[in-house]
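Visitor: Following is a predicted model, sequence given first.
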2 protein chains.
Amino acid sequence: MTSGLPSPSSSSGSPGAPGPRGQHAFQAPTGTRDFYPADLSRLRFIQDAWRRTAVAHGFEEIDGPTFEHLEVYTAKSGEGIVSELFSFQRAGGEKTLALRPEFTPTLARMYAARANALPRPTKWFWMQNCFRAERPQRGRLREFTQWNCDVIGDDSPQADAEVIACAVGMFEGLGLTPEHVRIRVNDRNVMRAILEEIGIPEPLHGAVADLLDRRAKLSPEEFAWTAGKVGVTRDHISAIDELIGNVQGQGWHRIFSEMFPVDGERHSVGQRFFQLAEGLDAAGLSRWWTFDPAIVRGLAYYTGMVFEVHEASGAERAIAGGGRYDGLIELFGGPPTPAVGFGMGDVVLSLVLQDKGLMPSDDEVADRLGLRPDAVVVSAGATPEDQAAAAAAVAPTLAALRRAGLHARRSYKATKNVGKLIQDAAKQRARFCVILEGATTATLKDLSTQGQQTVPVAELAARLARPPR
Amino acid sequence: MTSGLPSPSSSSGSPGAPGPRGQHAFQAPTGTRDFYPADLSRLRFIQDAWRRTAVAHGFEEIDGPTFEHLEVYTAKSGEGIVSELFSFQRAGGEKTLALRPEFTPTLARMYAARANALPRPTKWFWMQNCFRAERPQRGRLREFTQWNCDVIGDDSPQADAEVIACAVGMFEGLGLTPEHVRIRVNDRNVMRAILEEIGIPEPLHGAVADLLDRRAKLSPEEFAWTAGKVGVTRDHISAIDELIGNVQGQGWHRIFSEMFPVDGERHSVGQRFFQLAEGLDAAGLSRWWTFDPAIVRGLAYYTGMVFEVHEASGAERAIAGGGRYDGLIELFGGPPTPAVGFGMGDVVLSLVLQDKGLMPSDDEVADRLGLRPDAVVVSAGATPEDQAAAAAAVAPTLAALRRAGLHARRSYKATKNVGKLIQDAAKQRARFCVILEGATTATLKDLSTQGQQTVPVAELAARLARPPR
């Protein structure tokens, strides 16, 4: 049995050949997943960690439609997003709709609609599925689950630190450590100041940011050639390289102190990054994060701090990413409102958990989700009369146990061999096997201790009640 | 504050007029809902009841793609379903996809794909969203949440009773009683035998079933006229009326005994219904259900028992419905496999819960979902030095509490008035207010008893640990 999430379908998109009986064998659409019980339990295990972490950090859950008017997505991301969307239209002049590729535009629409009535800050989380009409690749499917946490209406560096701390809280809860994953933090305003300092003209900042973003994927020659093509000089590259070398580890402290002096006009830019660093350190995250000038993310969208979480060795795509986006709520018709948040998907996270051996076994997952049966009810009896009475007592016993909130199953085996029935109950990992011996008496067998005792049927629910936890 | 689920958007499908700043005010698509925190908590409250009930009854959760190839839906429901679907196509020759209007076709596809490896019976539940491209009406939206429970691979009347018992278990858990909702049960084979007995020719059975289904909505004249049009005679109507009168309450016992005598060729049809009734009674459902020959449901699809759950006075649409569908798995390329199940949506259920006053208050819902904060952390201090130390201790204290699994919030108020900060913590319904007085000492105030004590900061997490429940 695999310990990961299910592999996506790679069907070409057409139903399979006729089956043995002439019917068609249908397949899941390309890039989507079928979650059988053990698969879904692993996803629920991740979602459970997401939800617990978000609640512990004071976020409240919201949700919105699975599709929005197409304009909601182009308003944030431009027309370029359209080719990545599953979009559709109803007859009768209705506007084009699109499956959400992300939740943030819906969040901005919802916040803008009630901005005046909402608390400041508003802390919302969301976890549902998103859709991308791209070709599926490792770590990237057409349907996936995402977790978002956003602090809206607070522009402090403490709020920036807070969302990063929430992401880390989730990693800690799943057993990940700073040896497994790295938080790479940058700031759009710091970056602008650095590029100005180096002497790179403003119109080139976008191209340089894009170059830095792609650097790890390019050979030195490719990097140099691409830089030349967009008009970045060799002197600029040297300066950038020197900078990257100098800010390694804690090196940014010295660089920033020099670059953003107390009496300089850009002092507040550097000061804000120092405050963010203090906030991260105060939350106990010193070992988790580094300053990384190569973290860029959506240029048109983020306005301050940006961060990404990567597997430490650099394997896999980003596990999570986010930052400050102070312009979005206004774009959706709300008042000017600062906001900061992040998103994390299930696909890369579960690959990393598997790789690190941190995805628990199916049994452990079931236990943590509270899916272990309390009892399997079977019937026996010393005489044919007792057997009939016991068989008739199965349904009422099940009903009584379930009414008491217990997870109770019956046996569907045709056998009357009680040993086999008990084995079957143990295979289902039930805590107890209830062997009805007649209308009023049962043997209650504890499947962990193998101890057993005779119990009146009327007392079973009380005897099976789970110990407080 | 409303106590129901949020109203759907009834926007005409276009973004609103430009807002005060020239931006567009976007609206949710027609027939979809925005769930702000209190709205979503009410939905989660219902879903929590669904999940607990399904697990207690031994069902395991599965999930599949939000969209399938269009053929998956037409295979079950015919081409007529197409106009009710949101469908879309990607460039490059990919097949048309459609948002799921229901989950059963996906369940059949998934079961068929692994039929030989799955246990018999397989008991699956599912709870996610579905989509219908119809005009939204009361109780019917374009996006809604649905709960399905299915027993696959068991053809016994006990399995039929089991799925009905599971639905009732959920109602009981939410406080609904037989005075609030009624389970109306019919059987496709019983119906066929009755219509034959009355002398209605086989080709008219579909039209008669359809007539019975619509009877409650038609005047006697409309009913007679429609019957005449499809070829049902006045004698047939009299016979049907007599039958309906005779089967009221427990009347069906006598009718079925006469109609399905022990030595008759259709004895097994009647016997099966008696066994179903025994199964329902054994599960304690006698007061919940009645035989109702007017329950029809999908004629081409159901093959045995069918049932619907209605609000007792007949208000609202069906809350839930289901039945036996022994042909579906084979249609999806699997082996011949009996199956029985039901579906229940969130929209009508929440209308009924509201109407009966059974939707708990927002505070109660939050408590049941475990959303109440354990602590709000604020800072004070007798001297400026203590104040600074206390302020610096907020982030580490929050991190320590959250790492211990506690739901901890900080104050975002600018005020240093401790009384106001404590009031604000109480307004958030926190169990405790933690007032940091310096780097190492805090006042822990119990907001229910108003009692307070001085506690070392290092001991806060242990002192705040929730009592076992």
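Guide: Here it is on my side, so go on. What you are looking at is a predicted structure, and each value in this text was computed from that prediction instead of being measured. Residues are numbered from 1 along each chain as shown, chains lettered A, B, ... in the order given.

Visitor: Where do the helices of the stretch 201-350 of chain A begin and end?
Guide: A:205-214, A:220-230, A:234-247, A:251-259, A:267-282, A:328-331, A:346-355 (DSSP state H, counting those that start in this stretch).

Visitor: so which of these comes closest to chain B?
Guide: For the helices of the stretch 201-350 of chain A, the distance to chain B is smallest for helix A:267-282, at 3.7 Å, taking Cβ to the nearest Cβ. Every residue, glycine included, has its C-beta placed from N, CA and C.

Visitor: How about the residues of the stretch 301-450 of chain A by chain B?
Guide: Contact residues, the stretch 301-450 of chain A versus chain B (Cβ under 8 Å from any Cβ of the partner chain): A:330-333, A:370-371, A:373, A:392, A:394-396, A:398-400, A:402-403, A:405-410, A:412.

Visitor: quick revisit: is it possible to get the helices of the stretch 201-350 of chain A out as TSV so that each row also shows mean pLDDT and mean neighbour count?
Guide: Formatted as TSV, the helices of the stretch 201-350 of chain A follow (pLDDT from 0 to 100; neighbours: other Cβ atoms under 10 Å in any protein chain shown):
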stretch	mean pLDDT	mean neighbour count
helix A:205-214	84	17
helix A:220-230	87	13
helix A:234-247	86	14
helix A:251-259	92	16
helix A:267-282	96	19
helix A:328-331	96	21
helix A:346-355	96	22
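
Visitor: contacting residues for the spatially closest residue to A:Ser257 that is not a sequence neighbour?
Guide: Take A:Ser257 and drop its neighbours on the chain: the residue closest to it by Cβ to Cβ, 6 or more residues apart in numbering or on different chains is A:Gly270, 7.4 Å away. The neighbours of A:Gly270, taking Cβ atoms under 8 Å, 6 or more residues apart in numbering or on different chains as the test, are A:190, A:193, A:256-257, A:259-260.

Visitor: Now the closest residue to A:Phe35 other than its chain neighbours. Its backbone dihedrals?
Guide: Once flanking residues are discounted, A:Phe35 sits nearest to B:Asp63: 4.2 Å by Cβ to Cβ, 6+ apart. With angles defined as degrees, to the nearest 10, B:Asp63 sits at phi -150, psi 160.

Visitor: Could you check the pLDDT of A:Asp292?
Guide: Note on A:Asp292: pLDDT of 92.

Visitor: give me every residue that touches it.
Guide: So A:Asp292 contacts A:184-186 (Cβ under 8 Å, 6+ apart).

Visitor: switch to 6 Å and redo it
Guide: Each residue near A:Asp292 by Cβ atoms under 6 Å, 6 or more residues apart in numbering or on different chains is listed here: A:184, A:186.

Visitor: again, but for A:Pro101
Guide: A:85, A:130, A:132.

Visitor: In strands, which of these appear?
Guide: A:Cys130 (DSSP state E).

Visitor: CSV for the helices of the stretch 201-350 of chain A, including distance to B:Arg138?
Guide: Output for these, formatted as CSV (distance: least, Cβ to Cβ, whole Å):
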stretch, distance to B:Arg138
helix A:205-214, 51
helix A:220-230, 58
helix A:234-247, 61
helix A:251-259, 60
helix A:267-282, 49
helix A:328-331, 33
helix A:346-355, 36
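
Visitor: burial count for the closest residue in space to A:Ala430 that isn't next to it in sequence?
Guide: Residue nearest to A:Ala430 in three dimensions, not counting chain neighbours: A:Pro373, with 4.1 Å by Cβ to Cβ, 6+ apart. Counted with other Cβ atoms under 10 Å in any protein chain shown, residues neighbouring A:Pro373 total 21.

Visitor: Check A:Arg182 too.
Guide: Residues within reach of A:Arg182, counting by other Cβ under 10 Å, total 20.

Visitor: Work out the sheet partners of the host helix or strand of it and label each with its direction, please.
Guide: Applying DSSP states H and E as the criterion places A:Arg182 in strand A:181-187. Strand A:181-187 sits in its sheet next to strand A:289-291 (parallel), strand A:305-311 (antiparallel), going by DSSP bridges.

Visitor: Format these as JSON lines; extra columns: distance to A:Pro360 and mean neighbour count.
Guide: Formatted as JSON lines, these follow (distance: least, Cβ to Cβ, whole Å; neighbours: other Cβ atoms under 10 Å in any protein chain shown):
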{"stretch": "strand A:289-291", "distance to A:Pro360": "27", "mean neighbour count": "20"}
{"stretch": "strand A:305-311", "distance to A:Pro360": "19", "mean neighbour count": "24"}
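
Visitor: Out of those strands, the one nearest B:Lys420 is which?
Guide: strand A:305-311 (30.2 Å; Cβ to Cβ).

Visitor: Skip the chain neighbours and tell me the closest residue to whatever residue of the stretch 101-250 of chain A ends up closest to chain B.
Guide: Among the residues of the stretch 101-250 of chain A, A:Arg109 lies closest to chain B, at 4.6 Å counting by Cβ to the nearest Cβ. Nearest residue to A:Arg109 in three dimensions, chain neighbours excluded: B:Phe26, at 4.6 Å (Cβ to Cβ, 6+ apart).

Visitor: if I've got this straight, that neighbour is in a helix?
Guide: No - when DSSP: H, G, I helix; E, B strand; the rest coil is applied, B:Phe26 is found to be coil, with no helix at that position.

Visitor: distance of it from A:Arg372?
Guide: 46 Å (Cβ to Cβ, to the nearest Å).
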